[in-house]
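Asks: give the three-dimensional model of this entry:
(2 chains)
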Amino acid sequence: MSLSKEDVAGIADYARIALSDDELEQMLGYLNGAVELLEPIRHFDLGGVEPTFHPIGDLSNVMREDRAGAYGRGLSLGEALKNAGSARERYFRVPSILGEGGDR
Amino acid sequence: MSSLDELSAAEIAVGVREGAFSAEEVARAALDAIDQREGEVAAFLQVSNELALNVARATDAARLRGEELGPLAGVPCGFKDNMQLLGTRTTCASRMLENYESNFTATCVGRMLAAGVTPVGKTNMDEFAFGSSTESSAFHRSNNPWDTTRVPGGSSGGSAAAVAAGEATLCLGSDTGGSIRQPASFCGVVGMKPSYGVVSRCGVVAFGSSLDQVGPFGRSVGDVALAMDALVSGGADPFDASSQACEAGFLSALEAPVEGRRVGVVPQLMEMEGLSDEVKDGIRLAERVLEDQGAQLVEVELPHIASAIAAYYVIAPCEAFSNLARFDGVRYGYQEPGCATLDEQTARSRAHGFGEEAKRRQLLGAYLLSSGSYDKYYYPAQQVRTLITQDYLRAWGSCDVILMPCVPRCAFKFGEMSDPTQMYASDMFTISNNIAGNCGISVPLGLGPDSCMPLSAQLQGPAFKDQSLLSFARALERGLDLGRGLGAGAPVAPGFAKRGGEL
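Replies: Below you'll find the model as predicted:
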C-alpha cells in the first residue's frame, strides 16, 4: 500500500517541517521508493526472535548529583545564549506559544 | 628539506620531540599545503589558522619547559564538522548550524589534542552525515584528490580527501553505516570504524545513536593505530553512557603476526550484484597477501547480511528523526524571522534550515515511528538486527576477522548517483558492521586496472577486538607496495603531492 500526498502532509506536520506543495510531491515519490526498499523486513520469519535495540546490553542510566555546574560542564549565561536566534536579557525569546499575538 | 606530506604521524611527533623542527613549523607547512591544494580539493569547511598556530606554539613552549610531549605532538589533524571544538564553528555542513559556535570540545577531539595534535580545521561532510558522497553538504562539494571529477565518498568525505591530498596527516570522521570506511576506500587512505563504545560520542552531533562511532583516517595503518591509542586513552568517558574502557596498546599490537590466525571469507558476498571485477580481484589479492604471511582462509556464512540494508534504513532514520527533533530554532540553529507563533517558527525554521536529504531522512523516520508502522517496520528491524548479530557471532567461532569488499566499485562521478535509494543500496558491505556494533577498517590496495582509481579491502572484526583487527590490517599493508615501498602505506594523490607544505 503506497502513501498518498495527504499521508505525506500528515507526516511532515508530525515532523514539524513546513513543506511546500512541490516538496510534498517530491517527498511522496521518495517515501514510497524508500518504503519499498524496506519491504524485505516484513518477510522474515521473526517468531520468537528478541529485538536488539542497542549493540551494548546492560546499559544503565548514569545518575549525577543535581548541582548546577557540576563536573565543569555548566555553560555561562553568555555561552548558553550565544547561539540563540533571538534572546533577551537572561532568556531565549520565542513567539507566542498559545495562539497569535502577545509580545513579538 | 622535505615535504610534510611524506612524513608519517610518528615521524612528525618524533621530529617535534627531538627538535628537528618545531610544531609551529609543521603547522605552517600544513597550512601552506592546505592553501596550495584546497582550491581543487575543497575538503574543509573551516581552516583554523589561528587556532592551529596557537596550539602548535603551546606544544613548542611545553617542550622548552622540558615537559614530555604527547605521542602525536605537532601532527596536523582535521576534524569532521560534526565534532565540537572550542574556537571553531560546528555546522554539520548544514544551513541549520551555519553560525553555530562550539560551546565545548568533544571528548574525541579533546583526546587527540591531549596527545598533541595541531587542529588545522573542520572538514566537509554530507549534511548531518546523511549521504555517501558529501554532495549533500549545504556549502560546497569536496573533490576526490585522485580524480577531481569524482566524489570523495561520504559522509566523512572531507576528512578522507584532506588526508589523501596531504592537507592533514590525520583526520577524525564518524561512521553510522560506512561513513568512514567508504570515503577511505574512495580516496585510497586507511579509515577505521572502531567497535561501538570504543570511542566517546560526547560532543559529536548525533545521527543514529545506536550506530554512530568516531574513528580515524590516516595514510598508514600505523598512523591510525597512534590515533586509536589517543582516542581510548583516559578510559570510559563519563559523559557518554555507551562509552567503554578500552586498553591502549594499538601501536604495540600492530606487528602481531597473523600466522596461524584465521581470516573468514564469505562466498555469498563475492557474488553480490553490482560488485565490479577489479574489486573482486582486489579481494583475491588481499587473500593471497594474508595467506603468504601464514593466515588461514576459512569460508564463513552471514545468511542475513542481505537484509542489513532494509534494517539499517529503518533504524537509522528513526534514530535520526528523534535526534534532529532538537533543532527547533530556539536555543541554537536557524530561526525563521517574523513568525507569529512558536509552531510556525519551528516548522519554518526546520523547513528552511535543513537541506533535501536531511528532510527526507527525518520524514522517513517520522513515518516509520508513527503508529501502525512501528509494528510493521521498526520492531522487525530490531529483530533482524538480532539475526545479523547472531550470524556474526557464529562466524567468530571459526575466524578472527572477515575479509570482504568495502564498496562495490571505485568512486563514482559527480551526479552519477542521483537517486537517493540507489545511493543507500551501495552501503551493502559496510552497514551490517554498524548494526552489530563490530569493528571494521578499509585498507587501500592501490589503483584498479580498469578505473585507475583507489580500491580497498575491508576487514571486520568482533566487537572490542579492535587491536586484533588492526594487526590484520597492518599485515595486509605489509604485503603491498602502493607506491611508497613495500609496507610503507598509501601515498598522497599524485596531483597534490609536494604542492606547498615544505618543512
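
Asks: excluding its backbone neighbours, what's nearest the residue nearest the centre of chain A?
Replies: Centre of chain A computed as the mean C-alpha position; nearest residue by Cα atoms, centre = their mean is A:Ala15, 6.8 Å away. Spatial nearest neighbour of A:Ala15, excluding adjacent residues (Cβ to Cβ, 6 or more residues apart in numbering or on different chains): B:Ala366 at 4.0 Å. Where C-beta positions appear, they are placed from N, C-alpha and C, glycine not excepted.

Asks: for that neighbour, what are its contacts?
Replies: A:Ile11, A:Ala12, A:Tyr14, A:Ala15, B:Phe321 (Cβ atoms under 8 Å, 6 or more residues apart in numbering or on different chains).

Asks: so it: helix, strand or coil?
Replies: Following DSSP: H, G, I helix; E, B strand; the rest coil, B:Ala366 is assigned to helix.

Asks: how close does it sit to B:Glu344?
Replies: Between B:Ala366 and B:Glu344 the computed distance is 19 Å (Cβ to Cβ, to the nearest Å).

Asks: with A:Tyr30 instead?
Replies: Going from A:Tyr30 to B:Glu344 by Cβ to Cβ gives 25 Å.

Asks: among the two, which residue is more densely surrounded?
Replies: Neighbours per residue, other Cβ atoms under 10 Å in any protein chain shown: of A:Tyr30 and B:Glu344, the larger number sits with A:Tyr30, 20 against 16.

Asks: in which helix or strand does that one reside?
Replies: Here A:Tyr30 sits within helix A:21-38, counting by DSSP states H and E.

Asks: buried residues, that helix. List them.
Replies: Neighbour-count burial for helix A:21-38, counted by 16 or more other Cβ atoms under 10 Å in any protein chain shown, picks out A:Glu23, A:Leu24, A:Met27, A:Leu28, A:Tyr30, A:Leu31, A:Ala34, A:Val35, A:Leu37, A:Leu38.

Asks: check whether the next helix or strand after it comes near chain B.
Replies: Next helix or strand after helix A:21-38 toward the C-terminus (DSSP H and E): helix A:77-82. Yes: judged by Cβ under 8 Å from any Cβ of the partner chain, helix A:77-82 and chain B are in contact via A:Glu79, A:Ala80, A:Lys82.

Asks: export those to JSON lines and tack on distance to B:Ser185 and neighbour count?
Replies: What follows is the residues of helix A:77-82 next to chain B, written out as JSON lines (distance: Cβ to Cβ, whole Å; neighbours: other Cβ atoms under 10 Å in any protein chain shown):
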{"residue": "A:Glu79", "distance to B:Ser185": "39", "neighbour count": "12"}
{"residue": "A:Ala80", "distance to B:Ser185": "41", "neighbour count": "16"}
{"residue": "A:Lys82", "distance to B:Ser185": "39", "neighbour count": "15"}
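
Asks: follow-up on the earlier one: which residues touch the residue nearest to the centre of chain A?
Replies: B:Phe321, B:Arg350, B:Gln362, B:Leu363, B:Gly365, B:Ala366.

Asks: measure how buried A:Leu75 is and give me the count.
Replies: A:Leu75 has 12 neighbouring residues, counting by other Cβ under 10 Å.

Asks: gap between it and A:Arg42?
Replies: 45 Å.

Asks: check B:Ser155 too.
Replies: In terms of Cβ to Cβ, B:Ser155 sits 28 Å off from A:Arg42.

Asks: looking at these two, which one has more neighbours?
Replies: In terms of neighbours (other Cβ under 10 Å), B:Ser155 is the more surrounded of B:Ser155 and A:Arg42; the figures are 34 against 12.

Asks: most distant residue from the middle of chain B?
Replies: Chain B, farthest from centre, Cα atoms, centre = their mean: B:Ala340 at 42.2 Å.

Asks: doesn't A:Val94 make contact with it?
Replies: No: here B:Ala340 lies out of contact with A:Val94, judged by Cβ atoms under 8 Å, at a distance of 11.5 Å.

Asks: can the helix holding A:Tyr30 be found next to chain B?
Replies: Yes: using Cβ under 8 Å from any Cβ, helix A:21-38 reaches chain B at A:Glu23, A:Met27, A:Tyr30, A:Leu31, A:Gly33, A:Ala34, A:Val35, A:Glu36, A:Leu37, A:Leu38.

Asks: that helix packs against which elements?
Replies: On a contact count with 3 or more Cβ pairs under 8 Å, 6 or more residues apart in numbering or on different chains; DSSP states H and E, helix A:21-38 meets helix A:5-14, helix B:308-324, helix B:356-368, helix B:420-425.

Asks: hey, least reliable of those helices by pLDDT?
Replies: Note on the helices and strands packed on helix A:21-38: helix B:420-425 shows the lowest mean pLDDT, a mean of 79.

Asks: burial count for the residue nearest to B:Phe429 when sequence neighbours are not counted?
Replies: Leaving aside its chain neighbours, B:Phe429 sits nearest to B:Pro405 (5.1 Å; criterion: Cβ to Cβ, 6+ apart). Applying other Cβ under 10 Å, we find 25 residues neighbouring B:Pro405.
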